[in-house]
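Student: Coordinates for the following, if possible.
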Amino acid sequence: MDQDRFDRIAKLMASDASRRRVLGGVAAAVAGLLGRQPADATGTCHPPCDPKQCTVCKDGHCHSTCDPKKCETCDGYGNCKAACPKGQECDGYGNCKTKCPKGKKICRGKCIPADACCKDDDCKGAGQVCCPDHSPKAGRCIGHGKDGGNRACFHGDFSDD
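Tutor: Modelled structure (predicted):
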């Protein structure tokens, strides 16, 4: 860049009006990169949010007031309601799961005793497996035994641990 051109740009940037234009342009570019549309001067959303659909205006956008992690949906009258069917409850991650009575826990969509195993990770002893549902010892942790499999779940050859 030649010296005269640099001097012209420096003088242009030194004026208050130019600085405001440059800062305004930078702000608009940043807003464009973030993908946000600014709210109007009153801070309202366009189109307006519908309270009957459980939405509120925030930062120029309509946001739901229902919490999806609690499995909530809007009833169309402005109320957030639990959306899980009867016999199910929300797991806190937005999924409806089978609700088990006290003393039971969920395992592959069924309720089993709370102290039963559902998967091998539930067994605390080294080398143990959780006997599968279709075995005589379903839900019990059994040692692998000498064959390294879960034969004990079906034949009872090895000691329960």
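Student: Tell me where this protein has helices.
Tutor: 3-14, 16-34, 152-155 (DSSP state H).
Student: In terms of mean pLDDT, which of those ranks lowest?
Tutor: Comparing mean pLDDT across those, the weakest is helix 16-34, with a mean of 49.
Student: Neighbours of the residue lying closest to residue 135 once chain neighbours are set aside, how many?
Tutor: Sequence neighbours aside, residue 153 is the residue nearest to residue 135 in space, at 4.0 Å (criterion: Cβ to Cβ, 6 or more residues apart in numbering). No exception for glycine: its C-beta is placed from N, CA and C like everyone else's. Using other Cβ atoms under 10 Å, residue 153 has 22 neighbouring residues.
Student: separation between residue 153 and residue 103?
Tutor: 23 Å (Cβ to Cβ, to the nearest Å).
Student: so where do the strands sit in the chain?
Tutor: In the chain, the strands defined using DSSP state E lie at 55-58, 61-64, 72-74, 80-82, 88-90, 96-98, 104-107, 110-113, 128-130, 141-143.
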